[in-house]
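Got a predicted structure here, sequence first:
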Amino acid sequence: MSDETSPFRVPPTGEAGRQIAQFRNALMLVEQIAGRGEVSEEGDPLLAECARIDTAYRGAPPVVQRRFDAMVSEIALWTAVGVEALITARDGGTPSSNAAARLADELRRALRQLSRVLGEESIAREDTGPVLADQP
């Protein structure tokens, strides 16, 4: 392990909106690698969403906050590994659009699960089922 800071590090508790914004940015990158469209800037709607998420997080009971934080840590780990693998494949000349599409789908599902934990339905817009093993 190195002492380098991961681009997907989990910020301190209380920065739930920033965490979701990082995942949304990763999702946009992975969608672009998958060939699903151009990178778009959401601007103010994303900032408003982050504010709602922060408010929902601060108002949640400690057990919900801890669950959210645990899920964010897990998602951050596999997202970072997945993005690194996509970059390595691309640099090696290996087509990675199918793998990127799969990672994007999993990240979208994970965002949906995070929204359920906080009761904030705006985090992810498409629900195609659970991604983490301990979720129904």
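Structure's in. What do you need?

Quick one: mean pLDDT for stretch 61-75?
Throughout stretch 61-75, pLDDT has a mean value of 92.

just stretch 16-28 next, same as before
87.

What residues sit buried inside it?
By 16 or more other C-beta atoms under 10 Å, the buried positions in stretch 16-28 come out as A16, G17, Q19, I20, A21, Q22, F23, R24, A26, L27, M28. Just so you know, the C-beta spots here come from the backbone N, C-alpha and C atoms, and that holds for glycine as well.

Test my guess that D54 contacts G17.
Yes - the criterion here is C-beta atoms under 8 Å, and D54 meets it with G17 at 4.1 Å.

Mind listing what's buried along the host helix or strand of R108?
For R108, the host element (DSSP states H and E) is helix 97-118. By neighbour count on 16+ other C-beta under 10 Å, the buried set for helix 97-118 is 99-101, 103-118.

quick one: the closest residue to S96 other than its chain neighbours from G59, how far?
Nearest residue to S96, sequence neighbours excluded (C-beta to C-beta, 6 or more residues apart in numbering): A89, at 4.2 Å. Separation of A89 from G59 (C-beta to C-beta, to the nearest Å): 41 Å.
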